Structures are given as C-alpha cells and as structure tokens.
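Q: fold the following, please.
(4 chains)
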Protein chains: 2
Amino acid sequence: MSMKKPDHSYHHGHLAESFLDAVDEIATQFGIEAVTLRACAKRVGVSPSSAFRHYADKRALLTAFATRAINQLADAMEQAKQEVQGTDMEAFHAVGLAYVTFALDRPAFFRAMWREETIYSHDERYVAAADRLAGYLKEGFVSTIRDEDPHAFSATELLAWSSVHGLASLFVDGPVARDRNREERIAIADAMLRGLAPALDR
Amino acid sequence: MSMKKPDHSYHHGHLAESFLDAVDEIATQFGIEAVTLRACAKRVGVSPSSAFRHYADKRALLTAFATRAINQLADAMEQAKQEVQGTDMEAFHAVGLAYVTFALDRPAFFRAMWREETIYSHDERYVAAADRLAGYLKEGFVSTIRDEDPHAFSATELLAWSSVHGLASLFVDGPVARDRNREERIAIADAMLRGLAPALDR
DNA sequence: ATCACATGTTAACGATGTTCACATCTAATC
DNA sequence: GATTAGATGTGAACATCGTTAACATGTGAT
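A: The predicted structure follows:
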C-alpha cells in the first residue's frame, strides 16, 4: 500500500474545480464580462494554457460554471420549499421568491446561467441541471406526477416560471426598480407573486 | 449657394448609422458575440479605428444599437396595439404577443437590448427608449394616466411585463420549447397570455 | 484662398483565446 | 524498484481584439 503524497508544486490536483471557483470569484467581484481564462489561471496560480487540459475551450468552462450555478439555484429552491409546510400556492410563492432572491444576490451567476451564446446549451450536464430546476418549479406550486416529461409545461406552469424568471431578469438586466434596494425589490417580487395567484388557482 | 458634391471616397458621410447597420447584420447572421469593431468596419468598408470618431468605445456602439432595437420593439408594440380595437385585455394580449414575437424573430436584438454589462444602461437615449417601451406595456393592458411616472409600476403591471418578458427570455436564452418552431411557440405564448388574464382582471 | 475643424487612416500597443512542443508527475507493469 | 505510458502543467508563439496616437484628407465658414 504505497501512500506516496503527491507533489502539488507542479501538479495541482483539482484544477477543474479550482477554475470554476475562480470564475465564481471573478464573476462575483467584477461581473461575467471580466471573466478571462488568463485571469482565472492567475488566480489559481497556474499557467493560462493549463485550462485546456480540463475544458475544451472557454465556452466549455462557462458551461460548467452555468451548470453549477443552476444547481445552486435549484438547491436554494428546494430548501425554500422544504421550509414552508403549507398549500401548494404557498410553496410556489416561497420557491418563486427564492428564485428572484438568488438573481438579486448573485446577478453575475444568474446572467451566466442563461447565455445561450456563451455556453454549450446542449451539454449533457447543463441540460440535466436545467431539467432539475424546471422540475422544482413545477413541483413548487402544484402537485404533479413526478415522472412527467420535464420539457412538457402546461400554460399555467409556464406562466408561473415566466413571470418569476421575467421579474428576475428585469431586476438584473432591465430598467425595473433600479433605485430600489434588496429588501424593496423582494417586497415588489412578493407583491407580484400575490397578484399572480388568481391565475394559478383552479 | 455652392452645392459642391462631397467626395465620398474618403469621407463616408453617415458612418455612425452605417456602423449600427453593420451591428444589425452581423448580430442577425452570427449573433451578438460575433459583433466586432473590426468586422463592422470591414463590412462598412472603412478602417477599424474610424468607429471611435462616432462612439467612445465598443460599449457605446452597443448601447446605441440596443437603443435602436428597443425602439424597433416599441414600434412593433405600438402597431400591434393600433391594429386591435378591443378591450384593454385584448390590447394587452396583442402587445404581449408582439413582444414575444419580436424576441423570437430577432433573438440577437432581444439579447442586445438587455445586457447590462455590455451597454451603458444609464445612457440618456437608452433610458428614454426603455421608458417609451415601458409606457406601451402599461398602456397596452390598462388605461392609465398618461403622465404618470414611467418608473412606477403597480404589482399588476409588473406581473404583466414580467410574464411576457420572462417567456421571451426563456424562449431566447432558456431551455423552454427548444424543439418547437416559431408558430408553435407563438401558440404557447398565446396560451400563457390567456392564462394570465384572471390575474389582470379587476 | 485660407484655415479651423470634423472625419477617416495607418501603425502600433497590450490583452485575449488558443495551439504546440516540451516538462513533470502518477500509476500500472515487469 | 526500475521502466514506461499517459495524464497534467508550462512556455513561447499566433491571430484577433479593443484602443490610442500621430497623421492625412476633406468640408464649410470667413
């Protein structure tokens, strides 16, 4: 049983994940546009070209990051759902608020998730993460059959997702409530979700 | 009255607009990410650096393009509204459909409009265009006082905009209805808008 | 005709994504 | 335990990008 300790001076060991962390930090501090392969490499303490041993190109790295971000959002939604023990409507309200709150707190992540042109949106793991997220949204506000096709959305379900996603997008990239702080925006989201209720009732 | 014909071999004449047209064409054909100052210049038939006589930097050019795109969308919405002579609800339905249809037909434009990080979102003309668009959305589905603050949205108005904007975004950058064609997506939008009606009634 | 000024060009700079030949380490085999 | 194939990181180089500065050319007013 040879337990040779690996020499980490040359071989990093977890470069793939470290690059994701670097994207995370740079995107958080300076925005997605500032995310550069060279900047990531410098942050990790490694040469720029090393990224290509783990990612085919920059777009693949951004895809992996988007996948991670979507899963983080899905985690937040799952937690929000479990914390409320109420009606379907109340559950959806909590999940929707978690969605908007995530966008408010991590705008760069939210942007990175939905950039068709800068990610490989057909990547296996990306699609899986998106499906998982869609599943929570459906579950969130109405009891559905679990094994239903995640791509099949009823008009009502799509309305729910669209309104939540739209508000988040308008907050992050649009001209809505630019002069309002975090709490005020959450209150706005809360009001919008309450107004949505009549359309989700059946 | 000297009417000397200007020599257009050197001085172009309408470079600022021509650059916008170039962005238009390149974005349409290859997407926003492919829009490059040099590519635009080559398309116009002019040197790369000439852009800087008319735009402070690339971001300013993209801001001007986003402004134009927003105004085009607002035009489409205005036309849609005038073509239906019905209830407020019917008017909103038509305006909402025009919004989604624009995003479907010109995805690159729709993306360019709402990219906080690649445009100067506080630019005077950009803000004016966004206000105009917001105005049509408010007018579209409910008779409001004209001179109201365009930034003040009621929960209901915001719900209307969010759901329409959200669906458009999910179509363009999200995982929704990837396997559907244009007409099917419009039908989906139509159904969603019908489902939204109960929440807009008062 | 002159001249201030707006508009376009050329050449160069640093930064970026990417590649390729090479260096270094790991792990399985003999 | 030495060998070696393969995985992982490096360094130098390339084309392309946004941007700048010095220069060239045309326009319009005086």
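Q: mind listing what the residue nearest in space to the middle of chain A touches?
A: The centre of chain A sits closest to A:Ile70, judged by C-alpha atoms, centre = their mean, with a distance of 2.9 Å. Residues counted as contacts of A:Ile70 (C-beta atoms under 8 Å, 6 or more residues apart in numbering or on different chains) are A:113, A:126, A:129-130, A:132-133. From N, CA and C alone the C-beta is placed, and that goes for glycine too.
Q: report the two of these separated the most.
A: Greatest spatial distance among those (C-beta to C-beta): A:Met113 and A:Arg132, at 12.6 Å.
Q: who has more neighbours out of these two?
A: Neighbour tally, A:Met113 and A:Arg132, criterion other C-beta atoms under 10 Å in any protein chain shown: the higher count belongs to A:Met113, 25 against 17.
Q: I'd say the more buried one and A:Ala74 touch.
A: No. Shown here, A:Met113 and A:Ala74 do not form a contact pair, counting by C-beta atoms under 8 Å, at 10.6 Å.
Q: so A:Leu170 touches A:Arg178, yeah?
A: No. Counting by C-beta under 8 Å, A:Arg178 is not a contact partner of A:Leu170; they are 10.1 Å apart.
Q: so which residues of chain A form helices?
A: A:15-30, A:37-44, A:58-83, A:88-105, A:107-113, A:124-141, A:155-173, A:182-200 (DSSP state H).
Q: so where's chain A uncertain?
A: The model of chain A has pLDDT under 70 over residues A:1-8, A:10-11, A:139-150, A:202.
Q: same thing but at 90, please
A: A:1-13, A:81-82, A:84-91, A:135-154, A:200-202 (pLDDT under 90).
Q: ok, the residue of it found nearest chain B - contacts?
A: Chain B sits closest to A:Gly166 of chain A, with a gap of 2.5 Å, by C-beta to the nearest C-beta. With contact set as C-beta under 8 Å, 6+ apart, A:Gly166 has these partners: B:161-169.
Q: picking up where we left off before, closest to DNA strand D out of the contacts of A:Ile70?
A: A:Tyr126 (21.2 Å; C-beta to the nearest atom of the strand).
Q: if we can go back for a sec, which of A:Leu170 and A:Arg178 has more neighbours?
A: A direct count of neighbours by other C-beta under 10 Å for A:Leu170 and A:Arg178 places A:Leu170 higher, at 22 against 12.
Q: neighbours around the residue lying closest to the more buried one once chain neighbours are set aside, how many?
A: Using C-beta to C-beta, 6 or more residues apart in numbering or on different chains and skipping residues adjacent in sequence, the residue nearest A:Leu170 is A:Val176, 4.1 Å away. For A:Val176, the count of nearby residues is 22 (other C-beta under 10 Å).
Q: rewinding a little: okay, now the residue nearest to the residue nearest to the centre of chain A when sequence neighbours are not counted: neighbour count?
A: Spatial nearest neighbour of A:Ile70, excluding adjacent residues (C-beta to C-beta, 6+ apart): A:Ala129 at 4.1 Å. Neighbourhood size, A:Ala129 [other C-beta under 10 Å]: 22.
Q: so who does the nearest residue to A:Tyr136 once chain neighbours are set aside touch?
A: Among residues not flanking A:Tyr136 along the chain, A:Met77 sits closest, at 4.6 Å (C-beta to C-beta, 6+ apart). Contacts for A:Met77 (C-beta under 8 Å, 6+ apart) come out as A:95, A:98-99, A:133, A:136-137, A:140.
Q: ok, now with 7 Å
A: In this structure, A:Met77 makes contact with A:95, A:98-99, A:136, A:140, judged by C-beta atoms under 7 Å, 6 or more residues apart in numbering or on different chains.
Q: swap in A:Ala199?
A: So A:Ala199 contacts A:159, B:195-196, B:198-199 (C-beta under 7 Å, 6+ apart).
Q: report the buried members of these.
A: Listed as buried from the contacts of A:Ala199 are A:159, B:195-196, B:199; burial here means 16 or more other C-beta atoms under 10 Å in any protein chain shown.
Q: okay, the residues you listed in CSV with distance to DNA strand C next?
A: Below are the buried ones among the contacts of A:Ala199 laid out as CSV (distance: C-beta to the nearest atom of the strand, whole Å):
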residue, distance to DNA strand C
A:Leu159, 38
B:Gly195, 42
B:Leu196, 41
B:Ala199, 43
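Q: would a markdown table of the residues you listed with distance to A:Glu25 be doable?
A: Shown next, in a markdown table, are those (distance: C-beta to C-beta, whole Å):
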| residue | distance to A:Glu25 |
| --- | --- |
| A:Leu159 | 36 |
| B:Gly195 | 41 |
| B:Leu196 | 40 |
| B:Ala199 | 40 |
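Q: let me know the closest of those to B:Ala155.
A: Using C-beta to C-beta, B:Ala199 comes nearest to B:Ala155 of these, at 9.8 Å.
Q: for B:Glu83, see how far away that closest one is.
A: 25 Å (C-beta to C-beta, to the nearest Å).
Q: now do A:Ala155
A: A:Ala155 is 24 Å from B:Glu83, by C-beta to C-beta.
Q: and A:Lys138, by the same measure?
A: Distance from A:Lys138 to B:Glu83, counting by C-beta to C-beta: 35 Å.
Q: more crowded one of these two?
A: Ranked by neighbour count (other C-beta under 10 Å), A:Lys138 and B:Glu83 place A:Lys138 first, with 23 against 10.
Q: the more buried one reaches A:Glu157, doesn't it?
A: Yes. Using C-beta atoms under 7 Å, A:Lys138 makes contact with A:Glu157 at a distance of 5.4 Å.
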